[in-house]
Structure formats: C-alpha cells, structure tokens
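S.K.: predicted model and sequence below, questions to follow.
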Amino acid sequence: MSKAKLMVVLLLNIILTIAVLGFSFTQARFSTNGSLSESLCSEQDVVTPIRIESGSTYAMCPWSEKQSAIRILIDCLGFIAIICLIVFMFKAKRFSFIFAIVLLFVIGGFGGYSSVIDGLAIKNTKSYCDDTNFDMVLEGSQCQLKYFYGTVALNFGSSLFMLLSSILALKYRSRIFNGDNHHHHHHHDHDEAKDEEKTPIISSSSNSI
C-alpha cells in the first residue's frame with residue numbers, strides 16, 4: 001500500500017468523523033419548529049433520544065448529555081489522531097507515526113463501544129415508540145428515528161475506519177517509508193559489490209608471493 005492509497009482511506013475517515021460531529025452537535029439539544037416546550041423531554045417516562053413528527057411539525061429530545069459528550073470527544077480525538085498520522089507520514093517520523101497508529105486504534109475501539117451504547121439507546125426508544133400514543137403531545141404524531149439511525153451508522157463507520165486505517169498503516173508502514181529504505185539498500189548493495197571486486201586482487205597478490 002502506497003502513501004496515496006492510505007491517504008484515500010484517511011480522507012474518507014476524516015469525512016466520516018466530521019459527519020458524526022455534525023450529527024452529534026445538531027442532536028445534542030432540544031429542537032422544535034412548533035410551540036412544544038422542552039419540558040416535554042423531562043416527562044418521567046420519556047425515553048431519549050426521540051423525535052416526534054406530525055406533518056411538517058416536529059419536536060426532538062436530544063441524546064443524553066453523557067452519550068453526546070463521549071461521542072463528540074471520541075471523534076474530536078480521532079480527527080486529531082488522523083491529522084497527526086498524515087503529518088508524521090509525510091515528515092517520515094517513524095516512531096511518531098507508530099504512536100499515532102496505536103492512538104488511532106485505541107480511539108477507534110472506544111468509538112465502537114460508543115456506537116454500541118448509542119444503538120442500545122435507539123433500541124429502547126423504538127420499544128417506547130411502539131408502545132406509546134403521542135396524540136396527547138402532538139395530534140396525529142409518530143416517532144421518526146431515521147436521524148438517530150444515521151448518527152449510529154456514521155459513528156460505527158467512523159470507528160471502523162479508524163481501526164482499518166491504523167491496521168493498514170501498521171501493516172504497510174515499511175512500504176509507506178519505502179523511498180528511504182530503497183536508497184539505503186541500494187547503497188549497501190553497492191558497497192558489497194565494491195568489496196567483492198577487491199577480494200580477488202588481494203587473493204591473487206598473496207598467491208604470487
């Protein structure tokens with residue numbers, strides 16, 4: 001794998017990470033385009049995150065602060081780790097490059113855990129929606145979970161790409177830095193060839209003596 005191919009994977013990872021952050025920030029607080037109050041989200045039996053829609057009117061209760069904070073933190077750290085990986089790759093700093101790989105792998109692991117927790121939260125919301133009539137809140141309303149599914153899917157995809165990027169970078173690190181290695185080996189082979197040329201001369205002169 002060349003630097004160019006790894007860069008494609010890393011750039012896709014950056015796009016996914018930014019998308020997760022975008023979804024996370026928009027779903028981190030209550031929003032509505034109607035007259036519904038945020039107190040709706042603090043009702044005793046309401047399961048969050050949840051979005052209720054009736055026609056074009058909606059009200060959205062956000063993810064828990066903890067879930068949003070963890071997801072945003074993980075993806076911010078992941079974004080920084082990817083940028084560091086790219087910088088160290090082009091500056092040919094091997095030790096720093098490997099450190100960034102390990103860091104990205106760990107962050108990806110935590111991201112996977114975060115996406116599982118988010119998925120379980122959506123599962124609870126779906127069960128709640130199936131058992132609840134929201135006409136008292138918003139007439140003719142129903143649950144709409146596709147935006148939350150999007151967040152979970154993007155979070156999982158971003159975490160998966162972090163793990164994939166770190167594994168590929170570690171596996172092909174010698175090829176990524178191949179320019180330096182090739183020059184070094186060529187120089188070494190050239191020295192060996194010169195030594196081989198000298199050997200017969202020394203041997204023949206000792207035989208003549």
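M.R.: Yes, it's here.

S.K.: for Asp135, helix, strand, or coil?
M.R.: Under DSSP: H, G, I helix; E, B strand; the rest coil, Asp135 falls in the coil class.

S.K.: that one: neighbouring residues, count only.
M.R.: Using other Cβ atoms under 10 Å, Asp135 is surrounded by 11 other residues. Bear in mind the C-beta positions are built from the backbone N, C-alpha and C, glycine included.

S.K.: repeat for Gly112
M.R.: Counted with other Cβ under 10 Å, Gly112 comes out at 18.

S.K.: what is the helix or strand where Leu104 lies packed up against?
M.R.: Here Leu104 sits within helix 94-130, counting by DSSP states H and E. For helix 94-130, the packing partners by 3 or more Cβ pairs under 8 Å, 6 or more residues apart in numbering; DSSP states H and E come out as strand 50-54, helix 65-90, strand 142-143, helix 146-171, helix 173-176.

S.K.: so which of the ones you listed is nearest Leu16?
M.R.: Among the helices and strands packed on helix 94-130, helix 146-171 comes nearest to Leu16, with 4.0 Å by Cβ to Cβ.

S.K.: sorry, back to before: now do the helix holding Leu104: distance to the chain's middle.
M.R.: Helix 94-130 sits 8 Å away from the centroid of its parent chain (Cα atoms, centre = their mean, to the nearest Å).

S.K.: next one: stretch 118-135
M.R.: Taking the mean of its C-alpha atoms, stretch 118-135 sits 27 Å from the chain's own mean (Cα atoms, centre = their mean).

S.K.: distance between the ends of stretch 129-145?
M.R.: 10 Å (Cα to Cα, to the nearest Å).

S.K.: can you lay out the helices and strands packed on helix 94-130 as TSV showing distance to Leu6?
M.R.: Formatted as TSV, the helices and strands packed on helix 94-130 follow (distance: least, Cβ to Cβ, whole Å):
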stretch	distance to Leu6
strand 50-54	38
helix 65-90	7
strand 142-143	41
helix 146-171	6
helix 173-176	6
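
S.K.: can you redo those as CSV with mean pLDDT?
M.R.: CSV is the format used below for the helices and strands packed on helix 94-130 (pLDDT from 0 to 100):
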stretch, mean pLDDT
strand 50-54, 92
helix 65-90, 97
strand 142-143, 92
helix 146-171, 97
helix 173-176, 87
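
S.K.: between the ones you listed, which one is nearest to Ser31?
M.R.: strand 50-54 (9.0 Å).

S.K.: same for the closest one, what does it pack against?
M.R.: By 3+ Cβ pairs under 8 Å, 6+ apart, strand 50-54 packs against strand 57-61, helix 94-130, strand 142-143.

S.K.: strand partners (parallel or antiparallel) of it?
M.R.: With DSSP bridges as the test, strand 50-54 is paired with strand 57-61 (antiparallel), strand 142-143 (antiparallel).
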